[in-house]
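K.L.:
return a 3D structure for these sequence lines:
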Amino acid sequence: MRILIAYPVDEDVLLAILNDNVIYRPDLQTKGSRFVTKALTELRPDVLIAQELPDEQAVQSWVSATPKSARFIVQKGNIHQDGEARQSWFAGVPVFTTALNDRIHPDIQPLSVAERVHTERLVWGGDYTLRVSFLKVKKHLLCSSVRALSIL
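P.N.:
As a prediction, this is how the structure comes out:
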């Protein structure tokens, strides 16, 4: 999974996360759409991690440049909220928006979400219907087990 981080990250975190698959371009946060489009189409990341969504044309160019990629965006949120990242869609690409919490560093959380989403896609082959069906069966079996135990 190639990750493009397009905002400034805390120096201590940066040293821990930089790797061959992580492209760090904090300048893209302030540069124009043309530079963002060029970075997305030339670097071809699987995941864009950004504080603000790029413009729609940049995302559409990215989609065109990577037709077989299961690309997605993780947007670093800035509000406190319990639960998992919210999912939405932008220009045909899934967007997962993180929320601040006290358990994980705000610059690590988007990477954690990206890893989770990527892993789920590998395990489930991108078939979320299959995953939901599996979770329903698992819940049914768990509830049946609890009822059986309560009878004893």
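K.L.:
excluding covalently adjacent residues, which one is nearest to residue 72?
P.N.:
residue 94 (4.4 Å; CB to CB, 6 or more residues apart in numbering). The C-beta positions use only the backbone N, C-alpha and C, and glycine is treated the same way.
K.L.:
contacts only, for the one you found.
P.N.:
Residue 94 is in contact with 72-73, 87-88, 117, counting by CB atoms under 8 Å, 6 or more residues apart in numbering.
K.L.:
pLDDT-wise, which helix or strand of this structure ranks last?
P.N.:
Every helix and strand of the chain was ranked by mean pLDDT, DSSP states H and E. The lowest is helix 128-151, at a mean of 51.
K.L.:
helices along this protein, start to end?
P.N.:
Along the chain, the stretches classed as helices by DSSP state H are 11-17, 33-43, 56-65, 109-124, 128-151.
K.L.:
which pLDDT value belongs to residue 47?
P.N.:
Here the pLDDT value assigned to residue 47 is 97.
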